[in-house]
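Undergrad: coords below, sequence missing:
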């Protein structure tokens with residue numbers, strides 16, 4: 001029986017709030033694998049879309065229908081998983097460990113339909129063509145990877161997905177503001193890799209005016225991370241690694257319910273404020289590559 005997850009969402013209203021206008025060792029390799037660079041619309045994967053007119057995110061919840069057909073128009077996706085191997089969460093290497101995989105499709109379809117998560121190596125059934133949010137989790141007790149949510153556009157003619165899993169050691173031992181940090185239980189984390197012209201983008205600020213209280217954004221800065229809460233007198237922004245981590249986001253739901261969030265970012269010396277349409281889940285890291293036009 002196919003479930004539909006409309007998702008629980010909250011509204012982060014950027015319009016009308018005071019703006020908080022607004023650094024990696026060797027440059028990471030370009031993302032060239034099929035499926036790792038989805039483009040949901042306007043400017044890049046997860047970014048540059050129109051979003052809500054006021055840059056908001058809404059809270060809603062729908063009851064999954066009981067009469068949906070799990071086989072209607074779905075495909076079997078062949079996938080690979082790579083694990084991040086750097087502190088900027090872009091460089092990656094093949095991951096050979098067992099994973100559990102689920103996906104939520106364009107209309108809330110859950111794959112696989114039994115909601116148990118697929119542990120069949122490299123195959124996931126009941127996937128709807130189009131934009132899907134895939135959740136990769138460690139299927140073993142080693143917990144080498146952290147639950148990672150990411151957007152992939154599935155082509156029905158060639159249904160493949162090259163997925164990225166965030167290293168548990170990497171996300172649990174970050175040095176932010178000179179203190180070792182790990183995501184607190186019960187919160188969501190959003191990792192944004194900004195690229196422009198195939199290279200990490202310098203000078204990108206993520207606006208957090210509308211984020212829940214207690215949320216901060218940490219930026220790569222000269223080989224470490226510095227949060228915007230510690231920056232005084234200048235606009236915090238990405239350095240040479242192009243990475244921003246939106247952390248300790250409260251009020252999210254557990255997968256397969258997804259919390260929708262529209263954030264905005266701004267480049268230095270620019271007044272434009274494109275939208276990022278993200279999905280979040282409690283105790284999960286959402287990873288997105290944002291290609292800036």
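TA: Perfect, thanks for sending it. What you are looking at is a predicted structure, and each value in this text was computed from that prediction instead of being measured.

Undergrad: buried ones in stretch 87-106, by neighbour count?
TA: Buried residues in stretch 87-106, counted by 16 or more other Cβ atoms under 10 Å: 87-92, 95, 99, 101-105. (C-beta placed from N, C-alpha, C; glycine too.)

Undergrad: do the same with stretch 199-206
TA: By 16+ other Cβ under 10 Å, the buried positions in stretch 199-206 come out as 200-206.

Undergrad: need the distance between the two termini of that stretch.
TA: Taking Cα to Cα, to the nearest Å, stretch 199-206 runs 18 Å from one end to the other.

Undergrad: any idea how far it is from the chain center?
TA: 16 Å (Cα atoms, centre = their mean, to the nearest Å).

Undergrad: one more: stretch 99-113?
TA: Relative to its chain's centre, stretch 99-113 lies at 16 Å (Cα atoms, centre = their mean).

Undergrad: re earlier: in strands only, show me the buried residues of stretch 199-206.
TA: Among these, the members falling in strands are 200, 204-206 (criterion: DSSP state E).

Undergrad: using the three-state scheme, assign residue 210.
TA: Put simply, residue 210 is coil when judged by DSSP: H, G, I helix; E, B strand; the rest coil.

Undergrad: as a check, name the ranges of all strands in the stretch 51-200 of the chain.
TA: 75-84, 92-94, 99-104, 110-111, 123-127, 130-138, 145-146, 148-154, 160-167, 174-176, 179-181, 188-196, 199-200 (DSSP state E, counting those that start in this stretch).

Undergrad: can you name every helix or strand that the second one contacts?
TA: Translated: strand 92-94. With contacts taken as 3 or more Cβ pairs under 8 Å, 6 or more residues apart in numbering; DSSP states H and E, strand 92-94 sits against strand 75-84.

Undergrad: of all the strands of the stretch 51-200 of the chain, which lies closest to residue 235?
TA: strand 188-196 (14.7 Å; Cβ to Cβ).

Undergrad: quick check: mean pLDDT of that closest one?
TA: Averaged across strand 188-196, pLDDT comes to 97.

Undergrad: tell me which of the strands of the stretch 51-200 of the chain sits nearest to residue 288.
TA: Per Cβ to Cβ, nearest to residue 288 of those: strand 188-196, 5.6 Å.

Undergrad: what's the closest one packed up against?
TA: Strand 188-196 packs on strand 243-249, strand 259-267, strand 275-280, strand 285-292, going by 3+ Cβ pairs under 8 Å, 6+ apart.

Undergrad: tell me how far that strand lies from the chain's centre.
TA: Between the centre of strand 188-196 and the centre of its host chain there is 7 Å, according to Cα atoms, centre = their mean.

Undergrad: check stretch 261-272 too.
TA: With Cα atoms, centre = their mean as the basis, stretch 261-272 stands 17 Å off its chain's centre.

Undergrad: ok, stretch 136-143 next?
TA: With Cα atoms, centre = their mean, you get 19 Å for stretch 136-143.

Undergrad: which single one of the ones in strands among the buried residues of stretch 199-206 is nearest to residue 238?
TA: Nearest to residue 238 among those, counting by Cβ to Cβ, is residue 204 at 4.5 Å.

Undergrad: wait, residue 166 sits on residue 89?
TA: Yes - between residue 166 and residue 89 there is a contact under Cβ atoms under 8 Å: 6.1 Å.

Undergrad: what number of residues lie near residue 156?
TA: 12 (other Cβ atoms under 10 Å).
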